[in-house]
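J.: 3D, please:
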Amino acid sequence: MIIEEIMNPLVISLKPHETIGRAIELMHSNRIRHIPIIDENEFVVGIVTDRDIRDVSPSIFHAEEHLEDLKRPVASIMTENVITGHPLDFVEEVSAMFYEHKIGCLPIVTEGKLVGIITETDMLHTLVKLMGADQPSSLIEIKVKNKLGQLSEAAQVFSENNVNIISVLVYPDKKDNGSKILLFRVQTMNPMKAIAELNKRGYTVLWPNLPGVTS
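T.: Sure, this is the predicted structure:
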């Protein structure tokens, strides 16, 4: 899946000369936490977040004394050198960018111009859907040898038992370099038949760990 499929193309933005007070108004009225700052050519030159706003907003006890702060341009508080994405970036790659750079949103640009935005909430919602966690299902986690063909062989067990696979995650076994973990999300609320068959064929079922059924 690419970012173009999930980004919000209706981006609320500001010019560098517009005021902090205006940014506060937009955030409150639109319930957003990030505002890209663009120049006259729609190139992204900065970004303002709700945290930036909190840092400069006057205290309710001294609001009348600091009204001039709200008239300052957003350029005075924006973060420059903004990390951006492209509409054709893959969701997985963008997820890594959110994690690596600890950012809350990612402006999406084409040839430098702002064309969309995606937030960490958007990413979380998308990953939940990609994993199938938003629909009735069961999780089965098994340990296999770290060698070619293990995924297809394990998947065949589900096929033979008429169990549809919604998603699969593969990750290393931290306790055993010679093994890896396969996490299947399957479209059934009663996976016991498939689990019994996996055990019968010698797979180590880690989850669900049912006494007397799994090992």
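J.: Which elements pack onto the least confident helix or strand in the chain by mean pLDDT?
T.: The helix or strand of the chain with the lowest confidence, counting by mean pLDDT, DSSP states H and E, is helix 50-56 at a mean of 88. Secondary-structure packing of helix 50-56 (3 or more CB pairs under 8 Å, 6 or more residues apart in numbering; DSSP states H and E): helix 20-30. For the C-beta atoms, the positions are set from N, CA and C on the backbone; glycine is no exception.
J.: what's around I77, how many residues?
T.: 18 (other CB atoms under 10 Å).
J.: how close does it sit to L124?
T.: From I77 across to L124, the span is 27 Å (CB to CB, to the nearest Å).
J.: What ranges does the protein have for its strands?
T.: Secondary structure of the chain (DSSP state E): strands at 34-38, 44-49, 105-110, 113-119, 138-145, 165-172, 179-186, 204-207.
J.: partners of the shortest one, with directions?
T.: Strand 204-207 sits in its sheet next to strand 138-145 (antiparallel), going by DSSP bridges.
J.: what angle do the partner strand and strand 165-172 make?
T.: 40 degrees (axes from the mean of the first three to the mean of the last three CA atoms, to 10 degrees).
J.: what sits up against strand 138-145?
T.: If you take CB atoms under 8 Å, 6 or more residues apart in numbering as the criterion, strand 138-145 is touched by 150-151, 154, 173, 176, 178-186, 188-191, 194-195, 198, 203-208.
J.: go on, stretch 32-41?
T.: Outside stretch 32-41, the residues that touch it by CB under 8 Å, 6+ apart are 11-16, 23, 26-27, 44-50, 74-75, 78, 82, 104-105, 107, 112-114, 117, 119.
J.: roughly how far is it from the heart of the chain?
T.: When distances are taken as CA atoms, centre = their mean, to the nearest Å, stretch 32-41 is centred 21 Å away from the chain's centroid.
J.: Next, the distance between the ends of that stretch.
T.: 23 Å (CA to CA, to the nearest Å).
J.: How about the contacts made by the residue nearest in space to the middle of the chain?
T.: Against the mean C-alpha coordinate of the chain, by CA atoms, centre = their mean, the closest residue is M123 at 2.7 Å. Applying CB under 8 Å, 6+ apart, we find M123 in contact with 91, 94-95, 98.
J.: Which residue comes closest to H101 once chain neighbours are left out?
T.: With CB to CB, 6 or more residues apart in numbering as the criterion, H101 has its nearest non-adjacent residue at 5.6 Å, and that residue is I83.
J.: Check what pLDDT the one you found gets.
T.: Confidence at I83, expressed as pLDDT, is 96.
J.: now I2
T.: Note for I2: predicted pLDDT of 94.
J.: tell me the contacts of it?
T.: Each residue near I2 by CB under 8 Å, 6+ apart is listed here: 87-91.
J.: Just the CA coordinates for stretch 10-17, please, in CSV.
T.: Extracted C-alpha coordinates of stretch 10-17, given in CSV (Å, rounded to 0.1, in the frame of the first residue of the first chain):
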residue,chain,number,x,y,z
LEU,A,10,-7.1,18.5,2.2
VAL,A,11,-4.3,20.0,4.2
ILE,A,12,-4.7,23.1,6.4
SER,A,13,-1.6,25.2,6.1
LEU,A,14,-0.3,28.7,6.9
LYS,A,15,2.1,31.1,5.4
PRO,A,16,5.2,32.1,7.4
HIS,A,17,3.9,35.7,8.1
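J.: what's the offset of it from the middle of its chain?
T.: Its chain's C-alpha centre and that of stretch 10-17 lie 24 Å apart, by CA atoms, centre = their mean.
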